[in-house]
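Visitor: here is my input; please provide its structure:
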Amino acid sequence: MILKIGKSLKRYMKKKKLNCIIVGLGNIGMMYDYHLRGEYILSHTTSILKSRNFNLICAIDTDRNKRMLFEKKFKLKTLDNIDKIDEKEIDLLILSSPYEAHFSLMKRIIKKLKVKVILCEKPFTNNLKNAKKIKSSIGTKKVKIFINYSRISDAASHSIRNEILNKKNIFGKVFYSKSLLNNCSHFINLFNFFFGLPKEHRIISKKKNIFSLRYKNAIIDFYKKNQFRSNNFFLYNDKFRLEYRIKNNHILLKKGNKKKIIPSCGKNINFYVIKNLERYFDNKKYKLCDIDKAIDTHKILSKLKVLH
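Guide: Next up, the predicted model:
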């Protein structure tokens, strides 16, 4: 038995790390936690460097200052253009450039590089038409595309789904910041995961960016707020109330006089996205948003494009 354990451990230690390239060194790519110390894991760069399974081989950005910051802190090489990538095969490519560039970059990556998995920041592209074009361009290429709607990777989201499954007459309020394509798309994707695709939408106020989505068993109202009061949601009916606040590391569920705390990844959610990518490569169950679910989200966003 001791011999078997020793061999198993030896094989584990010899396991080859998967190579990774990051394209885009903006906030989510690198800057969110660049100047922070401690346990914060907010960016793709830090998440990959904390991973035991991935090896970050280089980063790409057109901004020379960002490349210099990356090289100074992480002592890894950078490039200014994806056409300069010379690796024959890439296990994971993370695309975290501004979303306006996603479409053109994705086309070039799929056409010119041999990539096993692409993790693309949300929104997938700037419109539904281009999202569908990217899916069509995959063709026979063996590349898997995930979109970083990160809340799907939080175990708390799956706990919420189990709690509200089969419940009726649910009402909800979502408070989001920035734009539809930015933070709001996270919540639309998440509520599709909870309830399925909405049956209809209603614009309540164009001026105030308020709209409603009606699902089979729920009606959810969305409100645009400033960043300090947003990115939270509440779900309730006559039996329960659920409070989700992104700044907390938990979700509060109330049923009558009883309270239940559901642990959440909180701000370190991006690290768990990478952990789920590790599970994908290990052929284990994973919690990630694939290209079809991202296109479903885009279909709803296209109906709401009259809003800002």
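Visitor: where does Y280 land in three-state SS?
Guide: Classification of Y280 using DSSP: H, G, I helix; E, B strand; the rest coil returns helix.
Visitor: check whether I147 really touches K122, as I assumed.
Guide: Yes: here I147 reaches K122: they are 5.5 Å apart, a contact under Cβ atoms under 8 Å. All C-beta atoms are positioned from the backbone trio N, CA, C, and that covers glycine.
Visitor: shared neighbours of these two, anything?
Guide: A294 (Cβ atoms under 8 Å, 6 or more residues apart in numbering).
Visitor: who has more neighbours out of the two?
Guide: I147 (29 against 21; other Cβ atoms under 10 Å).
Visitor: and for that one, nearest residue in space, chain neighbours not counted?
Guide: Distances taken as Cβ to Cβ, 6 or more residues apart in numbering put A294 closest to I147, at 3.8 Å, once the chain neighbours are dropped.
Visitor: in the stretch 201-308 of the chain, which spans are helices?
Guide: Using DSSP state H, counting those that start in this stretch, the helices of the stretch 201-308 of the chain run over 269-281, 291-303.
Visitor: outside of the first one, which residues touch it?
Guide: Outside helix 269-281, the residues within contact range by Cβ under 8 Å, 6+ apart are 18, 28, 41-44, 46-48, 50-51, 53-54, 91-92, 117, 119, 144, 146, 148, 150-151, 153-155, 265, 285-288.
Visitor: ok so, going back, the helices of the stretch 201-308 of the chain: which one's closest to I219?
Guide: Smallest distance to I219 across the helices of the stretch 201-308 of the chain (Cβ to Cβ): 14.6 Å, for helix 291-303.
Visitor: what helices and strands are in contact with that closest one?
Guide: The helices and strands touching helix 291-303, judged by 3 or more Cβ pairs under 8 Å, 6 or more residues apart in numbering; DSSP states H and E, are helix 128-138, strand 144-147, helix 185-195.
Visitor: nearest to H35, out of the ones you listed?
Guide: Closest to H35 of the helices and strands packed on helix 291-303 is helix 185-195 (Cβ to Cβ; 24.5 Å).
Visitor: how deep is P198 tucked in, by neighbour count?
Guide: 20.
Visitor: ok, the closest residue to it other than its chain neighbours to Y272 distance?
Guide: Distance criterion Cβ to Cβ, 6+ apart; nearest residue to P198, sequence neighbours excluded, is L213 at 4.2 Å. Plainly put, L213 is 26 Å away from Y272 if you go by Cβ to Cβ, to the nearest Å.
Visitor: tell me which of those two has more neighbours.
Guide: Of the pair L213 and Y272, L213 is the one with more neighbours under other Cβ under 10 Å, namely 25 against 18.
Visitor: separation between the more buried one and F222?
Guide: Here the criterion is Cβ to Cβ. By it, L213 lies 7 Å from F222.
Visitor: and what of K293?
Guide: In terms of Cβ to Cβ, K293 sits 19 Å off from F222.
Visitor: tell me which of the two has more neighbours.
Guide: A count of neighbours by other Cβ under 10 Å puts F222 above the other of K293 and F222, at 24 against 17.
Visitor: need the contact list for that one.
Guide: F222 touches V174, Y176, C184, F187, I210, F211, S212, L213, counting by Cβ under 8 Å, 6+ apart.
Visitor: swap in L253?
Guide: L253 makes contacts with E163, F240, R241, L242, E243, K259, K260, I261, I262, as judged by Cβ under 8 Å, 6+ apart.
Visitor: ok, what's across the strand from the nearest residue to the fifth one once chain neighbours are set aside?
Guide: Spatial nearest neighbour of E243, excluding adjacent residues (Cβ to Cβ, 6+ apart): L252 at 4.4 Å. Beta-bridge partners for L252, by DSSP bridges, are E243, I261.
Visitor: domain ranges for the chain?
Guide: Listed by automatic domain parsing, the domain ranges of the chain are 2-151, 155-264.
Visitor: avg pLDDT for the longest one?
Guide: It stands for domain 2-151. Here domain 2-151 scores 90 as its mean pLDDT.
Visitor: ok, stretch 180-187 next?
Guide: In this model, stretch 180-187 has a mean pLDDT of 90.
Visitor: what's in contact with that stretch?
Guide: 99, 122-123, 126, 149-151, 174, 176-178, 209, 222, 224, 230-231, 233, 297, 301, 304-305, 307-308.
Visitor: okay, and which of those map to strands?
Guide: V174, Y176, F222, K224, F233 (DSSP state E).
Visitor: the fourth one and K208 touch, don't they?
Guide: To tie it back to what came earlier, the one meant is K224. Yes: assessed by Cβ under 8 Å, K224 is found in contact with K208 at 7.0 Å.
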